[in-house]
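Trainee: Fold the following and give me the result.
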Amino acid sequence: MINYNLPKWLTWIFTLIIIEQLLKYFFRIKNLYVKNYGIGLSFFDGFPHIGLIVGLLSVILVVMLVYSCYFTRTIYVAMFLSGAISNIIDRLIFGYVVDYINFYIFIANGADILIFMGCVGLLFQVDKMYQLRENMNYY
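Mentor: Sure thing, here's the model as predicted:
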């Protein structure tokens, strides 16, 4: 019999992707968005395939990390993966990423914020893991 119960972090990934895609759809309909052909802060703007390649590689690397270390199956991984996958979906469908949040210095979208928050959370989590490991070596 097939078990349809998904792990909690996997459920978060699907939920966050759906929410982000609905937000992008809303801003596309209202025509309140900017087309971003580059990656992070529009770097490599003239090379649209770079964003797709970087996105796919980052998803593959994080998935490999998830399956090699149990501690990484957290909300931070779900945030990072949902943001990266959401931007990959945009690149595959439209050839660009829909950005709709204006920070006056740069324009981003919810997926970019999820990627950033996921990275920061993972860094703190890895740092905490190393601190625990060091404390265990002292005893």
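Trainee: Excluding chain neighbours, what is closest to residue 115?
Mentor: Nearest non-adjacent residue to residue 115, counting by C-beta to C-beta, 6 or more residues apart in numbering: residue 83, 3.8 Å away. Yep, even glycine has a C-beta here, placed from its N, CA and C like the rest.
Trainee: From what I see, that neighbour and residue 113 are in contact.
Mentor: Yes - using C-beta atoms under 8 Å, residue 83 makes contact with residue 113 at a distance of 7.3 Å.
Trainee: Same drill for the two, tell me which one is more crowded.
Mentor: residue 83 (27 against 15; other C-beta atoms under 10 Å).
Trainee: what residues does the helix or strand containing the residue nearest to residue 115 touch?
Mentor: In this structure, residue 83 sits in helix 75-94 according to DSSP states H and E. For helix 75-94, the surrounding residues in contact (C-beta atoms under 8 Å, 6 or more residues apart in numbering) are 9-10, 12-17, 20-21, 24, 35, 48, 51-52, 55-56, 58-59, 62-63, 65-66, 96-98, 109-115, 117-119, 121-122, 125.
Trainee: Looking at those, which are in strands?
Mentor: 35, 97-98 (DSSP state E).
Trainee: Send me the helix holding residue 83 as CSV with only the CA atoms.
Mentor: Output of helix 75-94 as CSV, limited to C-alpha atoms (Å, rounded to 0.1, in the frame of the first residue of the first chain):
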residue,chain,number,x,y,z
ILE,A,75,12.0,24.6,7.7
TYR,A,76,15.1,26.4,6.5
VAL,A,77,15.7,23.8,3.8
ALA,A,78,12.0,24.0,2.9
MET,A,79,12.3,27.8,2.6
PHE,A,80,15.4,27.6,0.4
LEU,A,81,14.1,24.8,-1.9
SER,A,82,10.7,26.4,-2.3
GLY,A,83,12.2,29.7,-3.3
ALA,A,84,14.6,28.2,-5.7
ILE,A,85,12.1,25.9,-7.3
SER,A,86,9.6,28.7,-7.6
ASN,A,87,12.1,30.8,-9.5
ILE,A,88,13.0,27.8,-11.6
ILE,A,89,9.3,27.4,-12.5
ASP,A,90,9.2,31.0,-13.7
ARG,A,91,12.3,30.6,-15.8
LEU,A,92,11.0,27.5,-17.4
ILE,A,93,7.6,29.0,-18.2
PHE,A,94,8.4,32.6,-19.0
